[in-house]
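[1] My questions concern the predicted model and sequence given below.
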Amino acid sequence: MEKRIALIEGDGIGPEILAEAVKVLRCIEERYGHHFTYVPVCAGGCAIDRYGTSLPKESLEACLDSDSVLLAAVGGPKWDGVDPSIRPEKALLAIRKELGLYANLRPARIFSQLKHASPLKESIVEKGIDFMVVRELIGGVYFGEKKTETVEGELRASDQMAYSEHEIRRIAHTAFQTARKRNGRVISVDKANVLDTSRLWRKVVHEVAQEYPDVSCTDMLVDNAAMQIVKDPSQFDVLVTENMFGDILSDEASMITGSIGLIPSASLGESRRGMYEPIHGSAPDIAGKNIANPIGMILSAGLMLKYAFDLDEEQKRIEDAVEQVLSDGYRCADIMEEGKTQLSCSEMGDQIVKTIRTMSR
Ligand SMILES: NC(=O)C1=CN([C@@H]2O[C@H](COP(=O)(O)OP(=O)(O)OC[C@H]3O[C@@H](n4cnc5c(N)ncnc54)[C@H](O)[C@@H]3O)[C@@H](O)[C@H]2O)C=CC1
Ligand SMILES: CC(C)CC(=O)C(=O)O
Ligand SMILES: [Mg+2]
């Protein structure tokens, strides 16, 4: 199989973790006889430094010309002072929007080997943590009109939060279809006691629910959802929500599995071309030290093989190798426990590659 993969390493730990994902992909190519062409794409803070803008036209075109995009992370304090219109994060938002990637699937599943890495009590973890956050990705407050103006002698800023029915309907379908392949339970999270956007969200989700009589659908207010995720995560199967709530709740959900560094994501739209990205950011506090956990990035590459290229067996091989490495007692610093062997970012990549090579097909 021949495929073009746009690689966006971005900033902070981005280059370190993406290098490990590419190592793993090259190993998969070798073992399964595929041929992937890797196209480095400059976006984020590094593009501001080089070209004066976080998403040069050529970079967006390279993403549009690819079969899939693999993105590490963008941003960092170095660019906090730049004009908001060219911030590193703007590049990420623009790629998602231009590629029409309205659905961001963020799994929250605890590896059995990492039960002690969860900050939750053992009695809660034992009940199980395995749910999917289905986050709307190209609407809501991140994309609404922004304004900072002087009103009556003081600055006033506003960000508009808006949703149209079709934007809610399509993500609701994604959630119900996802639930059908899982345990048939959708919890829709909103703030319908306060927000008009949430009241519309609820109405449309309920309409779509009628088309999926085999899937249960309940509503939960977002403040309660934030609490329920730590109180009893086993109640969730598919959690569907709007863009900002999903951004926040998925970071929370990641931590109860041990670390944000473990969680991959798939950003999908109508076309086959999606973007695959770990859910964390550029982690400037640990950048350049070779200590970041590359597992979320590597599992994102795995999701790309499955969703973009239908390479289910290859994806499974990567996931199995990650589990094997954890069973063998290897850990990165973020999930390190007594009695285990601590690996650097690049050593973790090497160990996963070595394990893929030694596993029988
Ligand atoms: N998709 C993206 O490109 C995203 C970019 N960002 C940007 O990243 C920058 C930093 O944001 P923060 O709020 O600090 O969030 P962050 O997710 O980068 O880091 C939060 C904490 O998690 C740790 N962490 C993150 N990934 C890790 C990994 N793979 N292994 C071990 N530890 C890891 C970091 O060291 C830090 O302590 C900001 O500029 C932000 O805008 C934030 C979220 C998503
Ligand atoms: C950096 C942002 C644009 C969004 C974010 O935090 C995320 O998608 O996880
Ligand atoms: Mg986030």
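    That came through, no problem. Fair warning: this is a prediction, and the values are worked out from it, not measured in the lab. Ligands and ions are numbered 1, 2, ... in the order given.

[2] C-alpha from now on. contacts and neighbour counts both.
    Will do.

[3] thought residue 68 was touching residue 277?
    No. Counting by CA atoms under 8 Å, residue 277 is not a contact partner of residue 68; they are 11.2 Å apart.

[4] And the two? Which one has more around it.
    More neighbours surround residue 277 than the other of residue 68 and residue 277, with 29 against 23 (other CA atoms under 10 Å).

[5] Quick check: the gap between that one and residue 301.
    According to CA to CA, to the nearest Å, residue 277 stands 8 Å off from residue 301.

[6] Can you pull the residues that touch both of these two?
    Common contacts of residue 277 and residue 301 (CA atoms under 8 Å, 6 or more residues apart in numbering): residue 70.

[7] So which residues on the stretch 201-350 of the chain come close to ligand 2?
    247, 279 (CA under 6 Å from any ligand atom).

[8] make it 8 Å
    When proximity is defined as CA under 8 Å from any ligand atom, the stretch 201-350 of the chain approaches ligand 2 at 247, 248, 251, 279, 280, 281.

[9] Ranking by neighbours, what's the top pick from those residues?
    residue 279 (25 neighbours).

[10] Tell me the secondary structure at that one.
    Secondary structure for residue 279, judged by DSSP: H, G, I helix; E, B strand; the rest coil, is coil.

[11] Which parts of the stretch 201-350 of the chain are strands?
    Assigned by DSSP state E, counting those that start in this stretch, the stretch 201-350 of the chain shows strands spanning 216-221, 238-241, 266-268, 275-276, 330-331, 341-342.

[12] Of those strands, which stretch is the most buried?
    Sort the strands of the stretch 201-350 of the chain by mean neighbour count, taking mean count of other CA atoms under 10 Å, and strand 275-276 sits at the top with a mean of 30.

[13] Which elements pack onto that strand?
    Other elements packing on strand 275-276 under the criterion 3 or more CA pairs under 8 Å, 6 or more residues apart in numbering; DSSP states H and E are strand 68-73, strand 266-268, helix 295-309.

[14] can you redo the ones you listed as a markdown table with mean pLDDT?
    What follows is these, written out as a markdown table (pLDDT from 0 to 100):
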| stretch | mean pLDDT |
| --- | --- |
| strand 68-73 | 98 |
| strand 266-268 | 98 |
| helix 295-309 | 98 |
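
[15] deepest of these, which one?
    strand 68-73 (a mean of 27).

[16] residue contacts, the closest residue to residue 53 other than its chain neighbours?
    Spatial nearest neighbour of residue 53, excluding adjacent residues (CA to CA, 6 or more residues apart in numbering): residue 86 at 5.5 Å. Residues in contact with residue 86 (CA under 8 Å, 6+ apart) are 48, 53, 54, 55.

[17] One more pass at 10 Å, please.
    44, 45, 47, 48, 52, 53, 54, 55, 79 (CA atoms under 10 Å, 6 or more residues apart in numbering).

[18] mind listing which of the residues you listed are in helices?
    45, 47, 48 (DSSP state H).

[19] Considering those residues, which possesses the most neighbours?
    Of the ones in helices among the contacts of residue 86, with other CA under 10 Å as the count, residue 45 tops at 30 neighbours.

[20] does that one really touch residue 89, like I thought?
    Yes. Counting by CA atoms under 10 Å, residue 89 is a contact partner of residue 45 at 8.4 Å.

[21] Which neighbours do those two have in common?
    54, 55, 73, 74, 75, 76, 79.

[22] Now rank the residues you listed by neighbours and give me the top one.
    Neighbour-wise, the shared contacts of residue 45 and residue 89 (other CA under 10 Å) top out at residue 73, 30 neighbours.

[23] What's opposite that one in the beta bridge?
    Beta-bridge partners recorded for residue 73 (DSSP bridges): residue 10.

[24] now do residue 156
    Beta-bridge partners of residue 156, as defined by DSSP bridges: residue 149.

[25] circling back to that earlier point, which residues are common contacts for residue 68 and residue 277?
    Joint contacts of residue 68 and residue 277 (CA under 10 Å, 6+ apart) are residue 304.
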